[in-house]
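Enquirer: predicted model and sequence follow; I will ask about them next.
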Amino acid sequence: MNPLIHTKPDGSRVVRLNPGKRVLFLTKDYSVIEAQLSGGRNLRMAEVDPSSLLDDINTDAMTPAWVCFRHKPEDIALDAYAGLVHKGGPKDGSRVFGTRALMDGGFEVIVSGQRKGTGSSRETAPQCERWSGVHLVIAASFAPIHERNNINLGQLMGTYEQLERLQRGEEIPLAEFTSRYDEVTRTILEQGGLFPFSAAYKAGRVKVPAPATPARAMNIAEKILAAKLVNAGASASLKPGDICLVKVDGGYSHEFTTAQVHHFLQQEYGANYKLPNPAKFAVFEDHLLYADGVKRMAPFAAQIQTLRNLQNEFQRHTGVRDYSARNGISPGICHQVAREQFVDPGDFIQATDSHTCMGGGNNALTYGVGATEYAGLVHSGFTFVIVPESIRFDLVGELRPGVTAKDLILHILKVHAVPEHTLDRVMEFGGPGLKSLSMDERATLCNMATECSAKSGICEADELTLDWLAARRPGVSREALRARFVAPDAGAVYDGGRHTIDLTKIEAMVAEPGDPTYGRNIVDLAAVKIDIAYGGSCTAGKEHDFDLYALVLREALEAGRTVAPGVKMYIQYGSEAVRDYAAAKGYLEVFAKSGVEVINPGCGACIGCGPGVSDTKEQVTVSAINRNFAGRSGPGQLYLASPLTVAASAVAGQIVQYRPGMFRHAKQEGTQPVRS
């Protein structure tokens, strides 16, 4: 039970601060944080300007990759906030939080600014707070998966005004913290987390009422969930905010998360626990495959091997589908292989990774969950869902040559994610312009919905969807596939509004180092020399992405150009199928002649584990991955860009916008390609 919740003699429950415990304010001025950690300063909300609080604290900062190599929460908490480091000055690169700093500080409340918990879905982030003694998290807003993970752990979340009252000594009714949630979520929080709630539900002490929404026009996400209801009432209609039990069609975990899932299941259900539908679920070895080759990962080799061993143990114990590496080669990145092999239109898929939403390109509802929630759903076969709001993007026109879906999503990040239009909403893509985007480009849009702090992304289905799936689903008829398509009803409601985007007006963009929302048109970018160009990851290791890399590099070869001196370029396959495609297209010869190092399937540099990771803070990388948080892919400066921009920049030696024929024209004119 949450130690901040106290039961009074009359049975009412209130929240109050405990004597001797402290409140930690995460401020933009790191010296203020350090003063609090050292015990020399105690702040009150009444004296803190909310604008001085740290925004966009991402889960990489709370628990960087090397901390996640531990699977027990109490061990993870030892290095809470290890990824929050000083930038510039005499302390440049040093940690703000030392080992045990949060744990030994006596804090029970932690306070920050907007969009707490952006980035990866890793549940280790809220775990590092809870197992350090923090049980109330205050922020202006929360990233959706992070908020859900807090709920599943029984962590209360509140407002600045509530904290002021608590610090004045007031007791606040528990209902003030939970009333904004549905009945089931309130109960989860009041029970102390998802596992205690599930036990109460199984024992019949808690009921989940059937949705009672009258018939209404529904959007794609609502229709998919309505079709999966376990606790369906007289009506099968849903609206945002409805709580329901929903069948899960499939899911997966990887070696970064499976060990914790296995650990939780053993703790909760005993060593002999069973899964009712193991064939629906899978494990992947993709994230840490190349960690052994990264110097800075060497100290964690034993922990990484433990994660691999525990995933293998989980797979043998449960009989879930096995996508482990064979002879050191992975079948591919989980999100890419899943969309190729088993994510179908109308599916509801859950997995322990924030980029699970990539499957939305297949007209499925897919999103990431934490290890606790995943353990619960694989054990039961269903999960609790709060029907999310949706935001609609109607695409018109076609992208101009040299502009890609990566540029489109960087535009959406800048225009719609920063003002939080997309926050915790399903991003639905449709309109005539969608038909001009390949299935792989649609997957890019949905993949980076999580960078928009959205719940998920999903695309309407069409003949291109049918052709792509039919080629990858042997034995399944086109009619059967088409019957699975889910389209929005006429008159469907979008709480985030409908937004028309003219694709002809999208410019080639990059996201400057630090956050995917730091978008800038390349034509407005000052000259940026690069050391590394990386093409790969789930976002940019697909077949169409390889078409783009090869297009630029082949054109450069024809003009007598290769990767620029002093630049290292890496291209990594997203799956074995992509590798076979590239080989059949003759791309491997193009890459070899261009001076590119090609890498077998895996997450690689995107997760900081593989070739393409920077070694020093001075190095500059232009990368086609999905996020560029500090330290994500090494200590250097990382710019996000499209596959076209990555390849063109590798040849030019600096970040440039690709324009068709640019290298041929430069050869004729005797000049270097320019940025615009």
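Expert: Looks like it came in fine.

Enquirer: could you find the closest non-adjacent residue to V206?
Expert: The spatial neighbour of V206 that comes closest, neighbours along the chain excluded (Cβ to Cβ, 6 or more residues apart in numbering), is A200 at 4.4 Å. Every C-beta, even on glycine, is put in place using the N, C-alpha and C of the backbone.

Enquirer: quick one: low-confidence ranges for the stretch 151-300 of the chain?
Expert: Filtered on pLDDT under 70, the stretch 151-300 of the chain yields the residue ranges 233-235.

Enquirer: swap the cut-off to 50 and go again
Expert: Low-confidence segments of the stretch 151-300 of the chain (pLDDT under 50): none present.

Enquirer: what's downstream of the strand or helix carrying the residue nearest to V206, the next helix or strand?
Expert: Secondary structure assignment for A200, by DSSP states H and E: helix 194-202. Per DSSP H and E, the first helix or strand lying C-terminal to helix 194-202 is helix 220-226.

Enquirer: please name the nearest non-neighbouring residue to P50.
Expert: P50's closest residue in space is Y160 (Cβ to Cβ, 6+ apart), at 5.9 Å.

Enquirer: got a list of what that neighbour touches?
Expert: Y160 makes contacts with M45, P50, V111, I138, A140, as judged by Cβ atoms under 8 Å, 6 or more residues apart in numbering.

Enquirer: cool, and G541?
Expert: Counting by Cβ under 8 Å, 6+ apart, G541 makes contact with I333, Q336, G535, Q572, Y573, G574, S575, V578, P601.

Enquirer: same question for D347.
Expert: I224, D249, G250, G359, N362, A364, L365, T366.

Enquirer: cool, and A325?
Expert: Contacts for A325 (Cβ under 8 Å, 6+ apart) come out as E285, L289, P331.

Enquirer: now, those residues that are in strands?
Expert: Of the contacts of A325, none are assigned to strands by DSSP state E.

Enquirer: nearest to L525 among the residues you listed?
Expert: Distances from L525 to those, taken as Cβ to Cβ, are shortest for L289 (33.4 Å).

Enquirer: the closest residue to that closest one other than its chain neighbours in helix, strand or coil?
Expert: Once flanking residues are discounted, L289 sits nearest to G602: 4.3 Å by Cβ to Cβ, 6+ apart. Following DSSP: H, G, I helix; E, B strand; the rest coil, G602 is assigned to coil.

Enquirer: ok, back up a step: and the two most separated of the contacts of D347?
Expert: Using Cβ to Cβ, the contacts of D347 span at most 13.2 Å, a distance reached by I224 and G250.

Enquirer: can I get the helix or strand L466 falls within in PDB? Just the C-alpha atoms.
Expert: Here L466 is covered by helix 463-470, with elements defined by DSSP H and E. Written as PDB, here are the backbone C-alpha positions of helix 463-470 (Å, rounded to 0.1, in the frame of the first residue of the first chain):
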ATOM      1  CA  GLU A 463      -5.300  -1.700 -51.800                       C
ATOM      2  CA  LEU A 464      -1.700  -1.000 -51.100                       C
ATOM      3  CA  THR A 465      -2.200  -2.500 -47.600                       C
ATOM      4  CA  LEU A 466      -3.800  -5.500 -49.100                       C
ATOM      5  CA  ASP A 467      -1.100  -6.100 -51.700                       C
ATOM      6  CA  TRP A 468       1.700  -5.800 -49.100                       C
ATOM      7  CA  LEU A 469       0.000  -8.100 -46.600                       C
ATOM      8  CA  ALA A 470      -1.000 -10.700 -49.200                       C
END
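
Enquirer: by contact count, what packs against that helix?
Expert: Helix 463-470 is packed against helix 439-447, helix 478-482, with contacts defined by 3 or more Cβ pairs under 8 Å, 6 or more residues apart in numbering; DSSP states H and E.

Enquirer: picking that back up, and the contacts of Y160 as a markdown table, adding pLDDT and secondary structure?
Expert: Formatted as a markdown table, these follow (pLDDT from 0 to 100; DSSP: H, G, I helix; E, B strand; the rest coil):
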| residue | pLDDT | secondary structure |
| --- | --- | --- |
| M45 | 98 | helix |
| P50 | 97 | helix |
| V111 | 98 | strand |
| I138 | 98 | strand |
| A140 | 96 | coil |
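
Enquirer: narrow the residues you listed to those that are buried.
Expert: Buried subset of those (neighbour count, 16 or more other Cβ atoms under 10 Å): M45, V111, I138, A140.

Enquirer: I figured the third one hits L163, correct?
Expert: Right, I138. Yes - counting by Cβ atoms under 8 Å, I138 does reach L163; the two are 5.1 Å apart.

Enquirer: any common contacting residues for those two?
Expert: Both I138 and L163 are contacted by M45, V109, V111, under the criterion Cβ under 8 Å, 6+ apart.

Enquirer: between those, which is nearest Q315?
Expert: Proximity of these to Q315 (Cβ to Cβ) peaks at V109, which lies at 40.0 Å.

Enquirer: packing partners for the longest helix along the chain?
Expert: Criterion DSSP state H: the longest helix present in the chain is helix 301-318. Counting contacts by 3+ Cβ pairs under 8 Å, 6+ apart, helix 301-318 packs against helix 258-269, strand 281-284.

Enquirer: got the contact list for the shortest one?
Expert: The one in question is strand 281-284. 250-255, 258, 275, 311, 314-315, 318, 320-324, 330-334, 337-338, 342, 378.

Enquirer: return the distance of it from the chain's centre.
Expert: Put simply, strand 281-284 sits 18 Å off its chain's centre (Cα atoms, centre = their mean, to the nearest Å).

Enquirer: and for the longest one?
Expert: Once both centres are worked out by Cα atoms, centre = their mean, helix 258-269 turns out to sit 22 Å from its chain's centre.

Enquirer: quick one: that helix to helix 194-202, angle?
Expert: In terms of direction (axes from the mean of the first three to the mean of the last three Cα atoms, to 10 degrees), helix 258-269 departs from helix 194-202 by 40 degrees.

Enquirer: give me the buried positions along helix 258-269.
Expert: Residues of helix 258-269 classed as buried under the neighbour-count rule (16+ other Cβ under 10 Å) are T258, A259, Q260, V261, H262, H263, F264, L265, E268.

Enquirer: surely the third one meets N149?
Expert: No - counting by Cβ under 8 Å, N149 is not a contact partner of Q260; they are 12.0 Å apart.

Enquirer: mutual contacts of the two, please.
Expert: Residues touching both Q260 and N149 (Cβ under 8 Å, 6+ apart) are E123.

Enquirer: outline the domain layout of this protein.
Expert: Domain assignment of the chain by automatic domain parsing yields the ranges 5-202, 220-385, 389-505, 509-669.

Enquirer: let me have the buried ones among the contacts of Y160 in CSV, adding distance to R186 as columns.
Expert: Output for these, formatted as CSV (distance: Cβ to Cβ, whole Å):
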residue, distance to R186
M45, 25
V111, 23
I138, 19
A140, 22
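
Enquirer: between those, which is closest to Y374?
Expert: Out of the buried ones among the contacts of Y160, the member with the shortest distance to Y374 (by Cβ to Cβ) is I138, at 27.0 Å.
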